[in-house]
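J.: Compute the structure for the input listed below.
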Amino acid sequence: MTSLISICFILLAALLAAKPMGLYIAKVFDGAPSKIDRFFLPAERLLLELGGVKGENQSWKKYAAALVLTNTAMIFIVYLVFRLQGVLPLNPEKVAGMEPTLAFNTAVSFMTNTNLQHYSGESGLSMLSQMIAITFLMFAAPATALAAAVAMIRGLAGKPFGNFFVDLVRSITRILLPITVVVSLVFVALGVPQTLDGSVTAHTVSGGEQSIVRGPVASFLSIKELGNNGGGYFGVNSSHPFENPNGWSNAIQILLMLLITISLPFTYGKMVGNLKQGRILFVSAGLLFLLSAGAAFMAESQGNPVINQLGIEHTEGSMEGKEVRFGTLNSAFYAMVTTASETGAVNTMHDTLTPLTGLLALLNMMLNTVFGGIGAGLMNMLLYAMVAVFLSSLMVGRTPEFLGKKIEGNEMKLLAVTLLIHPLLILGASALAVMTQAGQAAISNPGFHGISQILYEYTSSAANNGSGFEGLGDASPFWNITTGIVMFIGRYFSIVTLLAVAGSLLKKQTVPETIGTFRTDSSLFSGIFIASILIVGALTFFPVLVLGPAAEYLTLR
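T.: Below you'll find the predicted structure:
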């Protein structure tokens with residue numbers, strides 16, 4: 001009961017924060033003079049001047065090119081840091097330079113906001129790499145996606161796209177950095193380490209010795225959660241007591257994961273001049289989230305069938321792979337939040353989730369709209385919103401219109417390709433892994449669960465989530481390269497195509513609203529929007545979900 005009450009308070013706090021945060025984000029990017037300029041504008045001007053940025057408006061093509069090229073350059077720079085960390089300073093643990101394919105995977109992973117880790121956090125990276133490479137990318141990656149989402153909103157609203165570099169800097173200086181500074185201090189107060197000292201040696205009760213790694217964990221943790229990054233300073237992520245010492249830190253982490261991503265529908269509503277439409281997206285995604293969370297609670301509470309000492313089969317709550325200080329419900333809730341927000345942080349080992357909870361975690365990532373990651377989640381919501389409008393208009397014989405612009409052949413081709421690339425990446429890469437010895441060798445639990453392990457890894461990569469079924473032996477060149485490619489394409493392909501959709505609509509004349517116009521701010525549209533997500537999105541993955549977690553569930557009954 002205590003766990004359920006704490007979860008209700010977390011949801012209430014998130015609900016109360018969503019609209020004010022969304023309106024603040026809209027104010028950050030509206031370009032109008034503001035009272036907060038005096039706090040941030042001098043630093044922003046200095047940064048832009050140092051970079052030679054004049055701040056002129058860009059077309060969607062220039063915006064997309066600047067985004068992709070800048071991110072690619074960042075990948076190359078941090079790749080070099082990972083390779084050379086063995087000879088660079090701030091390496092008290094004497095961590096060697098990363099193997100080439102692992103360095104490639106890690107650089108792509110953190111730049112794409114995925115944070116998939118094929119290394120153990122405390123032993124795979126030096127303190128310097130954690131600070132100037134990983135933490136840097138954990139600011140740059142969500143700021144990139146937030147900038148892309150804002151540019152798309154501007155295009156749909158009939159406004160200039162803006163400038164990528166200006167939006168990137170403002171995302172960091174006015175949103176990410178101020179919140180993380182404050183939250184870092186809160187985490188320190190709760191017992192999370194923040195130091196540049198190396199590991200300490202503890203003497204155990206049995207007379208042994210244990211080396212305990214420390215570092216600037218609190219500052220790492222705050223942007224890890226707020227930026228929907230999810231990578232752990234330690235190998236076991238937020239199940240480690242230094243990253244998540246108690247219930248308060250657990251609740252704050254959940255709030256941080258949700259804060260920006262659930263606020264963006266309100267940002268969208270404000271920027272397009274229709275707050276009600278933003279609320280419709282928020283409520284629709286919220287219903288899907290509550291449905292998945294409720295189903296996960298029931299699945300984890302029941303657990304799997306077990307045979308007691310008398311030979312009688314019964315079910316009990318599943319505590320396997322979970323921390324006692326969080327319990328079953330808080331662990332299941334964290335799993336749903338981290339996959340719904342595409343954060344990827346874990347306070348329990350997802351490989352030990354019951355088959356149905358694992359299925360729900362997979363489905364959250366496959367849909368990538370509940371609420372999805374920073375920026376990318378809203379862009380996917382708008383994708384499904386336009387698909388819903390198109391399907392509805394076909395049924396009544398009207399030309400589909402979205403925000404007063406006609407959606408025609410060019411836009412629908414781009415939307416269709418964007419819809420297809422996500423399942424193609426997941427299913428194609430999973431098929432390759434199942435067909436090859438290098439892929440099969442990583443499976444630790446053959447059978448239906450083995451399929452789930454592979455499917456989860458590529459779903460997490462394509463959705464830029466980063467969590468995993470860690471029974472999978474993914475620390476090999478095959479997995480480093482294939483997941484790296486999936487992460488890169490999964491991130492940038494959809495961003496570019498959706499910016500192209502917004503660019504195409506921006507050129508069109510606004511169509512006057514008539515009595516026959518299908519309204520996208522009504523409860524009817526909410527129902528069609530949810531149905532489109534479930535029919536177009538979920539059914540695409542139904543066969544493989546049956547082969548993996550659904551089949552595993554049935555074999556345990």
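
J.: Name the nearest residue to Ala500, ignoring sequence neighbours.
T.: Excluding its sequence neighbours, the residue lying closest to Ala500 (C-beta to C-beta, 6 or more residues apart in numbering) is Leu414, at 5.5 Å. (Each C-beta comes from the backbone N, C-alpha and C, glycine too.)

J.: How about Ala149?
T.: Using C-beta to C-beta, 6+ apart, the nearest residue to Ala149 is Gly375, at 3.7 Å.

J.: mind checking the backbone torsions on the one you found?
T.: phi 80, psi -60 (degrees, to the nearest 10).

J.: mind checking how far it is from Asn113?
T.: Using C-beta to C-beta, to the nearest Å, one obtains 9 Å as the distance from Gly375 to Asn113.

J.: my guess is the residue nearest to Ala500 meets Leu499, correct?
T.: No - counting by C-beta atoms under 8 Å, Leu414 does not reach Leu499; the two are 9.7 Å apart.

J.: one step back: burial of the residue nearest to Ala500, as a residue count?
T.: Counted by other C-beta atoms under 10 Å, the residues lying close to Leu414 total 21.

J.: what's the answer for Ala442, then?
T.: If you count neighbours by other C-beta under 10 Å, Ala442 ends up with 19.

J.: Go ahead and confirm it touches Asp474.
T.: Yes - the criterion here is C-beta under 8 Å, and Ala442 meets it with Asp474 at 5.7 Å.

J.: For the lengthiest helix in the chain, buried residues please.
T.: Using DSSP state H to define each element, the chain has its longest helix at helix 477-506. For helix 477-506, a neighbour-count test (16 or more other C-beta atoms under 10 Å) marks 478-492, 494-506 as buried.

J.: Centre of the chain to that helix, how far?
T.: In terms of C-alpha atoms, centre = their mean, to the nearest Å, the centre of helix 477-506 is found 14 Å from the chain centre.

J.: Tell me which helix or strand comes right after that helix.
T.: Remark: after helix 477-506, the chain's next helix or strand is helix 523-532, criterion DSSP states H and E.

J.: Using PDB, write out every CA atom in that following helix.
T.: Extracted C-alpha coordinates of helix 523-532, given in PDB (Å, rounded to 0.1, in the frame of the first residue of the first chain):
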ATOM      1  CA  SER A 523     -12.200  13.600 -27.800                       C
ATOM      2  CA  LEU A 524     -13.100  11.900 -31.100                       C
ATOM      3  CA  PHE A 525      -9.700  12.700 -32.400                       C
ATOM      4  CA  SER A 526      -8.100  11.400 -29.200                       C
ATOM      5  CA  GLY A 527      -9.800   8.000 -29.700                       C
ATOM      6  CA  ILE A 528      -8.700   7.800 -33.400                       C
ATOM      7  CA  PHE A 529      -5.200   8.900 -32.400                       C
ATOM      8  CA  ILE A 530      -4.900   6.100 -29.800                       C
ATOM      9  CA  ALA A 531      -6.400   3.600 -32.300                       C
ATOM     10  CA  SER A 532      -3.900   4.600 -35.000                       C
END
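
J.: Can you spell out which helices and strands pack onto whichever helix or strand comes after it?
T.: Note on helix 523-532: by DSSP H and E, the next helix or strand toward the C-terminus is helix 542-545. Packing contacts for helix 542-545, counted by 3 or more C-beta pairs under 8 Å, 6 or more residues apart in numbering; DSSP states H and E, involve helix 355-367.

J.: isn't the residue nearest to Ala149 right up against Ser263?
T.: No - taking C-beta under 8 Å as the definition, Gly375 is not a contact partner of Ser263, at 11.5 Å.

J.: if we can go back for a sec, in the helix or strand encompassing the residue nearest to Ala500, which residues are buried?
T.: Assessed by DSSP H and E, Leu414 sits inside helix 409-435. Using 16+ other C-beta under 10 Å as the test for burial, helix 409-435 gives 411, 414-415, 418-419, 421-423, 425-427, 429-430, 433.

J.: for those residues, which one is nearest Val236?
T.: Nearest to Val236, judged by C-beta to C-beta, of the buried residues of helix 409-435 is Ala433 at 24.5 Å.

J.: Skipping adjacent residues, who's closest to that closest one in space?
T.: Once flanking residues are discounted, Ala433 sits nearest to Gly439: 2.9 Å by C-beta to C-beta, 6+ apart.
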